[in-house]
Structure formats: C-alpha cells, structure tokens
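Colleague: coords please:
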Amino acid sequence: METKLNKEGTKLTIEIAGRLDTLTAPEFEKEVEPALDGITDLTIDLKDLEYISSAGLRALLGLAQTMEDKGQMKVTNPNDAVMDVFSVTGFDDILNIV
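Modeller: Residues are numbered from 1 along each chain as shown. This next block holds a predicted model:
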C-alpha cells in the first residue's frame, strides 16, 4: 500500500494505492491520523486502490467518524471491485461516495 497526502489549507486529499487490508490498515491509520489536525474537508481518492478488506473498511469508518465532528469526508473513484465491497457491506450508505 502506498499513500499520498496533499494538504491545502483546511483541505486534505489522501490517495491510496495497492491494498488496504489487515497488514496495511494500521500503517495507514498511523500515517493519516496526525495529518487531520485542522482539516475540515477530507477527500479519500481510491482510483489506485486494488483491494479493501474489513480492516480497510474499519479504517475508513474511523476517518468518517473523526470527520463527523470536524467537517466533511468524501470518497472518490472506487473501482468496481471496491464498490462491490462497499455495496455488499452497506458502506455505500455510510460513506459519501462521489
């Protein structure tokens, strides 16, 4: 998994590439959590995410819950496989997917 963080003022875009799973989700959370200070607009770009597991879903849910109090979060560009996981698990109703 590779993440790229682009911060502009109170906006943060996180691009995730590869797999967000049991092995990589803790690393992802450690990297992203400190970057959320002062952020009111968070975009998670999944255009290069190949696979997401329940651990990855949990990481995204944690971000969504954190951003509930701070501002907004949206998820962009999920591929068909990732979107299928969101649909089957009900995350398409939980996350703001654009």
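Colleague: so Pro78, which of the three states?
Modeller: Under the three-state scheme (DSSP: H, G, I helix; E, B strand; the rest coil), Pro78 adopts coil.
Colleague: any idea how far the closest residue to it other than its chain neighbours is from Asp69?
Modeller: Once flanking residues are discounted, Pro78 sits nearest to Leu46: 4.6 Å by Cβ to Cβ, 6 or more residues apart in numbering. (Glycine included, C-beta is placed from N, CA and C.) With distances defined as Cβ to Cβ, to the nearest Å, the gap from Leu46 to Asp69 amounts to 23 Å.
Colleague: Please apply the same query to Leu42.
Modeller: The gap separating Leu42 from Asp69 is 12 Å, by Cβ to Cβ.
Colleague: quick one, longest helix in the chain?
Modeller: With DSSP state H applied, the helix covering the greatest number of residues in the chain is identified as helix 54-70.
Colleague: buried residues in that helix?
Modeller: By 16 or more other Cβ atoms under 10 Å, the buried positions in helix 54-70 come out as Ala55, Gly56, Leu57, Ala59, Leu60, Leu63, Ala64, Thr66, Met67.
Colleague: Tell me which two in those residues are the farthest apart.
Modeller: Ala55 and Met67 (19.1 Å; Cβ to Cβ).
Colleague: Show the contacting residues for Arg19.
Modeller: Met1, Leu49, Glu50, Tyr51, Ile52, Ser53, Gly56 (Cβ atoms under 8 Å, 6 or more residues apart in numbering).
Colleague: hmm, I was thinking of Asp48
Modeller: Counting by Cβ under 8 Å, 6+ apart, Asp48 has contacts Glu2, Glu15, Ile16, Ala17, Gly18.
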